[in-house]
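Visitor: sequence first, predicted model second:
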Amino acid sequence: IDTARPRPAATDEIVVEGARTHNLRGIDVRIPRNRITVFTGVSGSGKSSLVFDTVAAESRRQLNDTYDSFVRNRLGRPGRPDADRIDNLSVAVVLDQRRLSGNARSTVGTATDIAPLVRLLFSRIGEPSAGLSHVFSFNDPRGMCPECQGLGTVDRVDAAALIDPDLSLDEGAIRFPTFAPGTWRWKRYVHSGLFDRAKPVREYTSAERDLLLYAEGVRPPDPDPEFPRTGTFEGVVPRLTRSYLTSESPGPSARDRAALDRVVSSGPCPECGGARLNRTVLDCRIGPHNIAEWCAMPAVELAGVVGGTDAERVRPLAEALVERLGYLDRVGLGYLSLDRASGTLSGGEAQRVRMVRHMGGSLTGLTYVFDEPSTGLHPADVHRLTDLMRRLRDKGNTVLVVEHDPDVIALADHVVDMGPGAGRDGGRVVYEGSVRGLLHADTPTGRYLRGPRAVRGRVRAPRGSIGIRGARLHNLRGVDVSVPTGVLTVVTGVAGSGKSSLVGGELLRVRPDAVAVTQGAVGGGSRSTPATFLGVLDTVRGLFARRNGVAASWFSANSRGACPTCRGRGVIITDLAFLDDVETVCEDCRGTRFNDRALSYTLGDRTIAEVLGMTAVEAAGFLGEPGVEDALGRLVRVGLPYLALGQSLDTLSGGERQRLKLARELAAPASVYVLDEPTAGLHGGDVDRLLALFDHMVDAGTSLVVVEHHLDVVAYADHVIDLGPGAGTHGGRVVFEGAPARMARSGTGATAEALRRYLE
Ligand code: ADP
Ligand code: ADP
Ligand code: ZN
Ligand code: ZN
């Protein structure tokens with residue numbers, strides 16, 4: 001069914017003229033308001049530069065201008081995007097794939113704003129009454145468990161990790177820097193007269209061992225003269241607990257932090273068992289359940305329970321709650337419980353959680369901007385997501401979507417196709433119009449959409465296998481499966497079916513030498529760039545240093561080369577307590593990060609800032625150094641030829657980060673790799689190149705295990721393991737194992753169904 005809406009009158013369009021952000025070539029675009037516009041094109045073609053860095057950025061800047069001058073001055077002045085004219089904007093809500101806060105107090109319930117409704121319901125009809133609705137919050141002192149302060153977990157010193165039983169005190173049996181032999185803490189132990197300081201701890205009696213570990217305020221009967229006269233003796237565990245783990249302890253130094261991470265383990269709170277709330281609150285029930293039990297249920301199940309509460313006087317509240325839980329289900333997250341920590345969600349899940357928060361609101365006239373919302377979604381669930389986006393439109397909002405998935409593209413009222421290539425070869429609008437027209441357009445996207453679909457007929461024979469027996473992590477139901485080696489294995493299943501638990505958890509446990517290449521942060525902070533990550537920056541600095549006869553540190557924005565104003569960051573960050581931090585480009589170095597002297601040196605006419613601004617392909621040609629060329633060639637092979645050498649890794653999407661890590665791995669491949677949705681962010685045409693790379697790796701002897709929804713990849717696999725049939729407690733089983741051709745022929749379940757449709 002074609003639900004696309006006709007184009008509105010010209011006055012109802014967002015007008016962009018002469019946009020030149022990043023690689024955009026001074027383009028003009030008109031985007032219909034109150035419609036869904038999908039932006040397509042190969043990776044690096046300029047979709048994000050147009051949608052996020054031009055349209056949404058200008059909306060934000062104009063919004064800032066509406067604040068009074070006090071707030072505005074504190075906000076700083078975000079720069080005007082490089083365009084001649086941008087008109088007719090509304091307030092933009094950007095729903096991207098940044099992960100949600102790792103803060104232990106943030107959960108799915110708090111992030112979706114569903115938790116307050118649950119608390120309100122308990123305060124109204126829970127029995128016996130516990131009071132106001134705030135007491136039901138583990139973030140409120142009146143509601144939190146006093147033992148764990150509402151965290152649900154407590155940190156404990158793990159005695160086994162702390163003590164090396166083969167050593168004596170003299171030899172350093174206490175493996176913690178502040179207790180090392182010779183330190184004053186250590187002296188207290190050896191001079192207490194309680195232990196034979198030369199005896200390995202393994203030979204201690206259990207009483208001696210208890211004393212060493214757990215004694216609290218014991219006065220030693222017969223200490224050495226060197227023991228402090230008024231002193232008492234305290235075991236290592238309470239001593240460390242007091243120094244580091246109570247709420248009064250000062251934060252540890254960096255050195256102690258690393259040592260602490262090794263000896264401290266976190267476990268469920270003994271008082272509340274992880275429920276985070278105090279007794280009074282946990283005793284309050286609606287029917288058989290308390291609030292912690294509600295929050296531990298998958299959202300779909302909870303919706304059923306809430307729908308079943310029959311108290312007439314809370315009907316509207318209960319209905320509102322059921323509606324919100326229904327949104328979670330519709331975005332394919334019905335398997336999540338409200339108490340799930342936000343920080344454990346994937347980027348795609350986090351984006352959809354943000355979406356649920358907005359579905360509950362009643363604002364209209366906004367512009368919602370999505371970054372590849374299909375990430376992490378099974379093809380069978382995509383239509384539910386697109387239903388929600390239509391609802392947003394029908395409430396009177398403008399919806400802009402950057403997306404590669406044909407099922408999401410099909411949703412568009414209007415398409416803007418960017419390209420034709422990436423970076424310098426892109427930055428133009430190559431097609432604008434209806435989806436139907438796109439299918440006939442002579443552009444990479446049009447060609448991809450009408451291209452042939454095929455499934456791998458002849459599969460490679462495995463070299464061996466990795467056996468997983470009785471896997472029970474998270475929702476897995478005692479899974480027995482063998483993962484073939486020497487081939488490309490694709491693991492499929494709806495979101496929440498257990499793919500990551502099986503591959504990221506169990507497989508890595510039985511094959512510890514397997515390397516997981518994740519979409520997670522790269523590390524190294526905001527100063528990391530492709531050049532630092534691939535280790536080519538030192539070579540580049542060396543070239544500059546030799547040519548100019550000065551020290552290499554002049555070419556480092558962390559060292560002598562740094563712009564003094566922004567200290568080499570390129571931006572000035574204003575920290576606002578009540579809003580997101582605001583970044584503005586440093587005016588002195590204009591964002592280059594370097595000082596004038598550093599910029600006065602050149603290599604073949606280019607400054608260090610200009611070289612770092614080159615894309616991988618450009619730089620490889622320009623520098624002509626074999627080591628650099630090799631590293632940059634690997635970037636090209638993983639589909640990232642358009643990355644600039646000095647681009648902050650903070651600006652990369654999860655999919656790009658994963659491919660960048662893969663590029664580094666290719667220098668010295670491991671025997672088994674585990675990848676999680678490597679096609680995220682990739683245009684269909686680029687997926688073919690990634691598959692060619694996979695072939696190359698497998699043919700060179702590497703085993704690849706890839707969690708993936710993209711049907712091009714599923715069809716290309718040697719072996720498919722499909723988990724399901726549903727999500728959460730309804731999943732966790734293997735529903736199909738074998739070649740994709742057989743799956744399409746005779747497999748059952750959502751993935752086999754989707755594969756059949758795809759091949760039609
Ligand atoms: P897409 O969204 O289509 O993948 P982008 O808009 O992210 O493409 O990228 C278009 C071009 O702009 C690429 O060459 C990319 O390297 C460059 N680019 C993207 N972000 C930045 C940035 N923050 N600074 C400089 N160049 C950028
Ligand atoms: P998939 O990779 O197929 O999306 P997952 O393996 O991530 O599925 O999740 C399977 C089930 O395990 C889901 O019900 C999910 O909520 C649960 N789960 C996953 N990770 C965690 C975690 N860190 N803590 C608790 N439950 C988890
Ligand atoms: Zn507790
Ligand atoms: Zn500066």
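Guide: The structure has been received and is ready for your questions. Residues are numbered from 1 along each chain as shown. Ligands and ions are numbered 1, 2, ... in the order given.
Visitor: contacts, neighbours, all on C-alpha from now
Guide: OK.
Visitor: isn't Ile466 up against Val487?
Guide: No: with contact defined as CA atoms under 8 Å, Ile466 does not count as touching Val487 (11.9 Å).
Visitor: between those two, who's got more neighbours?
Guide: Between Ile466 and Val487, counting by other CA atoms under 10 Å, Val487 is the more crowded of the two (28 against 13).
Visitor: can you tell me how far Gly570 sits from Ser133?
Guide: 46 Å (CA to CA, to the nearest Å).
Visitor: of the two, which one has the most company?
Guide: Neighbour totals were compared for Gly570 and Ser133, and Gly570 leads with 24 against 17 (other CA under 10 Å).
Visitor: contacting residues for that one?
Guide: Applying CA atoms under 8 Å, 6 or more residues apart in numbering to Gly570 gives the contacts 563, 585-586, 589-594.
Visitor: among the residues you listed, which one has the most neighbours?
Guide: Most crowded among the contacts of Gly570, counting by other CA under 10 Å, is Phe594 at 31 neighbours.
Visitor: isn't it right up against Ser559?
Guide: No: here Phe594 does not reach Ser559: they are 9.6 Å apart, not a contact under CA under 8 Å.
Visitor: residues of the protein that sit close to ligand 1?
Guide: The chain comes close to ligand 1 at residues 22-23, 42-49, 422-423, 642-644, as judged by CA under 6 Å from any ligand atom.
Visitor: need the three-state assignment for Val94.
Guide: When classified by DSSP: H, G, I helix; E, B strand; the rest coil, Val94 comes out as strand.
Visitor: is it in a bridge, and if so with what?
Guide: For Val94, the beta-bridge assignment (DSSP bridges) gives partners Val369.
Visitor: who's in contact with it?
Guide: For Val94, the set of contacting residues under the criterion of CA under 8 Å, 6+ apart consists of 52, 56, 368-370.
Visitor: format these as TSV; extra columns: neighbour count.
Guide: TSV is the format used below for these (neighbours: other CA atoms under 10 Å):
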residue	neighbour count
Phe52	21
Ala56	25
Tyr368	23
Val369	24
Phe370	24
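Visitor: by mean pLDDT, which helix or strand of the chain comes out lowest?
Guide: Within the chain, confidence by mean pLDDT, DSSP states H and E is lowest for helix 69-75 among all helices and strands, at a mean of 54.
Visitor: and Arg219, what does it touch?
Guide: Arg219 makes contact with 231-233, according to CA under 8 Å, 6+ apart.
Visitor: how does the protein divide up, domain by domain?
Guide: Here the domain parsing of the chain from automatic domain parsing is 10-98+346-450, 108-152+272-330, 154-268, 454-522+653-760, 525-651.
Visitor: can you say which of those is nearest to Leu338?
Guide: Ranking the domains of the chain by proximity to Leu338 (CA to CA) places domain 108-152+272-330 first, at 4.3 Å.
Visitor: related to what we said a few turns ago, most neighbours out of the contacts of Arg219, which is it?
Guide: Neighbours here are counted as other CA under 10 Å. On that basis the top member of those is Phe233, with 20 neighbours.
Visitor: relative to ligand 1, how far out is it?
Guide: 58 Å (CA to the nearest ligand atom, to the nearest Å).
Visitor: just the pLDDT at that residue, thanks.
Guide: At Phe233, the model reports a pLDDT of 86.
Visitor: in stretch 731-746, what counts as buried?
Guide: 731-737, 739-741, 743-744 (16 or more other CA atoms under 10 Å).
Visitor: correction: stretch 555-570
Guide: 555-558, 560-570.
Visitor: SS state for Phe274?
Guide: You called it Phe, but residue 274 is Gly. Secondary structure of Gly274, per three-state DSSP, is coil.
Visitor: that one contacts Glu147, doesn't it?
Guide: No: contact criterion CA under 8 Å: Gly274 and Glu147 do not qualify, at 10.6 Å.
Visitor: could you dump the contacts of Arg219 to CSV with distance to ligand 2 and secondary structure?
Guide: Compiled in CSV, the contacts of Arg219 are given as follows (distance: CA to the nearest ligand atom, whole Å; DSSP: H, G, I helix; E, B strand; the rest coil):
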residue, distance to ligand 2, secondary structure
Gly231, 45, coil
Thr232, 43, coil
Phe233, 40, strand
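Visitor: what sits against Gly655?
Guide: The neighbourhood of Gly655, defined by CA under 8 Å, 6+ apart, consists of 519, 677-682.
Visitor: quick check, nearest of these to ligand 4?
Guide: If you rank these by distance to ligand 4 using CA to the ion, Gln519 comes first, at 30.0 Å.
Visitor: Gly654 is in contact with that closest one, correct?
Guide: Yes: between Gln519 and Gly654 there is a contact at 4.5 Å, judged by CA under 8 Å.
Visitor: who has more neighbours, the two?
Guide: For Gln519 versus Gly654, the count of surrounding residues by other CA under 10 Å is larger for Gly654: 26 against 23.
Visitor: burial measure for Val118, as a count.
Guide: Val118 has 22 neighbours, counted by other CA under 10 Å.
Visitor: er, Val55 I mean
Guide: Burial of Val55 is recorded as 26 neighbouring residues (other CA under 10 Å).
Visitor: for it, phi and psi?
Guide: The phi and psi torsions at Val55 (degrees, to the nearest 10) take the values phi -70, psi -60.
Visitor: who's in contact with it?
Guide: Neighbouring residues of Val55 by CA under 8 Å, 6+ apart: 16, 86, 89.
Visitor: in a strand, the first one, correct?
Guide: Yes: assigned with three-state DSSP, Val16 falls within a strand.
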